[in-house]
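Peer 1: I need the structure of the sequence given here:
(one chain, ligands or ions: 1)
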Amino acid sequence: MDDCSVARRPGRGTDGPAPEAGAEAGAGVDRAAAERVSRLLSGPSGLGTSAARILDALRTVPPATDAPPLDAPMDGAPAPAAQDPGAPEPDAPAPAAPETALPVLPTLLPSPTRKGGHFSPGYAERAWGDGSFPPLYCPLTARIDDDLALVVNDRLVEWAGEVGIYADQLGRFRDTGFGRLAVLAHPETDDVDPLLLAAKMNAAWWACDDYYADESDLGAVPTELPPRLALVMSAMDPPPDAGRYTAQVEEAVRSDPVLVALRSATGHLKRHAGPSQLMRVLNTTFQMYVSWTAYAAWRHLGLLPPVWRYLAARQHDSFYTSMTLIDIVGGYQLDANLFYEPRVHRAVMQAGTASVIVNDLHSVEREAADDLPDCNVVLLIAEEEGCSVEEAVRTAVAMHNDFVRGFEDSQRELASVPSAELRRFLLGVQSWMAGCLEWHGASDRYK
Ligand SMILES: CC(C)=CCC/C(C)=C(/C)COP(=O)(O)OP(=O)(O)O
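Peer 2: Next up is the predicted model:
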């Protein structure tokens, strides 16, 4: 574990990522891509062939920075903030229409009271915290509907009472507002049931994190974490019947509110998700747990990991997990081969990492306060650089902004892929980042 000791190392650069090879290919590439897509879409048809053609297009179209706009205006709304890959470009030539017309998504101005739908209010530098730190470059929040949030949150608290999580602190749980997070992060729908699904899944993930990983007061013990997480997998994805041994597993699941919550939320998920969507959520959850075991080892041994090592773990323990719900909550399906296509995967990882840095920025005090302090990127940077927490916050903000700009570039690049579901999904990811920042700034959890 030598590499876990804190070693002084040069500061992270804050410049944006180097441009992709071929990124300057521009509009010519788009035209070529549109022609290719048109050809592909007019080829043979049949089950699975359209997803295969889209993947083929993805494989062969080089990245382009001037990809067609993600959305086109449908209601004559003026163009939103610059640099928004979701924004219409007034002078841009209309992209060549493929034989099969793709539905366009409206780009609308931000409206805090807007009802559910697909819209991009754009990206901006957003003040956060007490406003004394540099702003976070982040998408704007597409919908703030606190009446709907109240309905979802009330239903969530009722459910928490049934499954037994946070039993002696339901008031605090209510004020945390995971229901509000779901409504902010999923502006695609006003439908309470899928929003409640997102609220339950996130609350159950967080309960698992609080009870098993982070909060000593709630019984989190580093050495107990790995076997507990192994049981979570069986609660969410029951293995084939092993007779009386399975009966013992079921008894253990019933007796632990965290497991009951995860089992129940997964049951709700199964009502909305297709098989590949379900397994995407489950496998991402289990993948995230590998990082949790790393943190547990560091806590147990009293070691602080170097920043690079923490970040490498945190990038697999991020709101990427929450983002796996986007199409499920939205009521459509992003094909598994598109979800896992490397450039799409990287884009969602960029967004998940940015959002989880937002979490670390808001929870510095909370995490420093535990008897066994949790890893936090700000605290680790301060330790490693020997700098003040304020300086470390600035470094983390710069890192966040690089990830968001990286996502924005990826979103622009992927806009030329002929898949309405993909554009919709990436818009959902954009919305998730926005809602996440909005929520962290208001939730009682971080006060
Ligand atoms: C919602 C979800 C996937 C939660 C699991 C872990 C995660 C991505 C977190 C944000 C939890 O991280 P952390 O423990 O730092 O969060 P808090 O500061 O305790 O809210």
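Peer 1: so where is the chain shaky, pLDDT-wise?
Peer 2: Scanning the chain for pLDDT under 70 picks out 1-114, 370, 372.
Peer 1: Now do residue 217: how many residues are near it, please.
Peer 2: Per other C-beta atoms under 10 Å, the neighbour tally for residue 217 reads 10. In this view, the C-beta of every residue, glycine as well, is placed from N, C-alpha and C.
Peer 1: again but with residue 126, I slipped
Peer 2: Using other C-beta under 10 Å as the criterion, the residues surrounding residue 126 number 16.
Peer 1: Then residue 140?
Peer 2: There are 21 residues near residue 140, going by other C-beta under 10 Å.
Peer 1: Not counting its neighbours along the chain, what's nearest residue 150?
Peer 2: residue 179 (7.6 Å; C-beta to C-beta, 6 or more residues apart in numbering).
Peer 1: Check which helix or strand that neighbour maps to.
Peer 2: helix 178-185 (DSSP states H and E).
Peer 1: Following the chain onward from that helix, which element is next?
Peer 2: Following helix 178-185 in sequence, per DSSP H and E, is helix 192-208.
Peer 1: what's the angle from that following helix to helix 178-185?
Peer 2: On the basis of axes from the mean of the first three to the mean of the last three C-alpha atoms, to 10 degrees, helix 192-208 is oriented at 120 degrees to helix 178-185.
Peer 1: which other residues reach the host helix or strand of residue 170?
Peer 2: According to DSSP H and E, residue 170 maps onto helix 170-176. Outside helix 170-176, the residues that touch it by C-beta atoms under 8 Å, 6 or more residues apart in numbering are 153, 157, 160-161, 165-166, 203, 443-445.
Peer 1: Would you mind listing what in the stretch 251-400 of the chain touches the ligand?
Peer 2: Proximity of the stretch 251-400 of the chain to the ligand, by C-beta under 6 Å from any ligand atom, involves residues 317-319, 321-322, 356, 359, 363, 366-367.
Peer 1: What's the local residue count around the residue in the stretch 151-300 of the chain that the ligand sits nearest to?
Peer 2: Proximity of the stretch 151-300 of the chain to the ligand (C-beta to the nearest ligand atom) peaks at residue 205, 3.7 Å away. Other residues lying near residue 205 total 20 when counted by other C-beta under 10 Å.
Peer 1: The residue lying closest to it once chain neighbours are set aside and residue 386, how far apart?
Peer 2: Excluding its sequence neighbours, the residue lying closest to residue 205 (C-beta to C-beta, 6+ apart) is residue 321, at 6.6 Å. Residue 321 sits 33 Å away from residue 386, going by C-beta to C-beta, to the nearest Å.
Peer 1: before we move on, what about residue 362?
Peer 2: From residue 362 over to residue 386 (counting by C-beta to C-beta), the distance is 24 Å.
Peer 1: returning to that earlier point: comparing residue 321 and residue 386, which residue is more hemmed in?
Peer 2: Neighbours were counted for residue 321 and for residue 386 using other C-beta under 10 Å; residue 321 has more, 19 against 9.
Peer 1: in terms of contact, does residue 351 touch residue 428 like I think?
Peer 2: No. With contact defined as C-beta atoms under 8 Å, residue 351 does not reach residue 428; the gap is 9.9 Å.
Peer 1: Comparing these two, which shows the higher neighbour count?
Peer 2: Applying other C-beta under 10 Å to residue 351 and residue 428 shows that residue 351 carries more neighbours, namely 29 against 24.
Peer 1: in what helix or strand does the more buried one lie?
Peer 2: Using DSSP H and E, the element containing residue 351 is helix 342-362.
Peer 1: Okay, buried residues for that helix please.
Peer 2: Within helix 342-362, the residues that count as buried by 16 or more other C-beta atoms under 10 Å are 344, 347-362.
Peer 1: end to end, how far does stretch 321-341 reach?
Peer 2: Terminal residues of stretch 321-341 are spaced 17 Å apart (C-alpha to C-alpha, to the nearest Å).
Peer 1: all strands for the stretch 101-250 of the chain, in order.
Peer 2: Secondary structure of the stretch 101-250 of the chain (DSSP state E, counting those that start in this stretch): strands located at 123-126, 136-139.
Peer 1: follow-up on the earlier one: tilt between the helix holding residue 179 and helix 342-362?
Peer 2: Going by the same axes, to 10 degrees, helix 178-185 makes 130 degrees with helix 342-362.
Peer 1: Helix 178-185 and the ligand, any residue contact?
Peer 2: No. Using C-beta under 6 Å from any ligand atom, helix 178-185 stays clear of the ligand, coming no nearer than 8.6 Å.
Peer 1: Can you give the contact residues for that helix?
Peer 2: Here helix 178-185 has contacts from 141, 143-146, 148-157, 195-196, 198-199, 202-203, 206, 322, 329, 431-432, 434-436, 438-439, 442-443, using C-beta under 8 Å, 6+ apart.
Peer 1: now do 7 Å
Peer 2: 141, 144-145, 148-149, 152-153, 156, 195, 198-199, 202-203, 206, 431-432, 435-436, 438-439 (C-beta atoms under 7 Å, 6 or more residues apart in numbering).
Peer 1: and if you look at stretch 125-145?
Peer 2: With contact meaning C-beta under 7 Å, 6+ apart, stretch 125-145 is reached by 110, 112-114, 116, 119, 121-124, 183-184, 187, 358, 393-394, 397, 400-401, 404-405, 430-431, 433-435, 437-438, 441.
Peer 1: got it, and stretch 215-224?
Peer 2: Here stretch 215-224 has contacts from 210-214, 296, 299-300, 370-372, using C-beta under 7 Å, 6+ apart.
Peer 1: end to end, how far does that stretch reach?
Peer 2: Stretch 215-224 has an end-to-end distance of 13 Å (criterion: C-alpha to C-alpha).
Peer 1: swap in stretch 440-447?
Peer 2: Taking C-alpha to C-alpha, stretch 440-447 runs 9 Å from one end to the other.
Peer 1: Now find how far off-centre that stretch is within its chain.
Peer 2: Relative to its parent chain, stretch 440-447 has a centroid offset of 18 Å by C-alpha atoms, centre = their mean, to the nearest Å.
Peer 1: now do stretch 406-423
Peer 2: Worked out by C-alpha atoms, centre = their mean, stretch 406-423 lies 16 Å from the chain centre.
Peer 1: The residue in the stretch 251-400 of the chain that the ligand sits nearest to - nearest residue in space that isn't next to it in sequence?
Peer 2: Per C-beta to the nearest ligand atom, residue 363 is where the stretch 251-400 of the chain lies closest to the ligand, at 3.2 Å. Excluding the flanking residues, the one nearest residue 363 by C-beta to C-beta, 6+ apart is residue 446, at 5.9 Å.
Peer 1: isn't the one you found right up against residue 360?
Peer 2: No. Between residue 446 and residue 360 there is no contact under C-beta atoms under 7 Å: 10.8 Å.
Peer 1: returning to that earlier point: sec struct for the residue nearest to residue 205, please.
Peer 2: Classification of residue 321 using DSSP: H, G, I helix; E, B strand; the rest coil returns helix.
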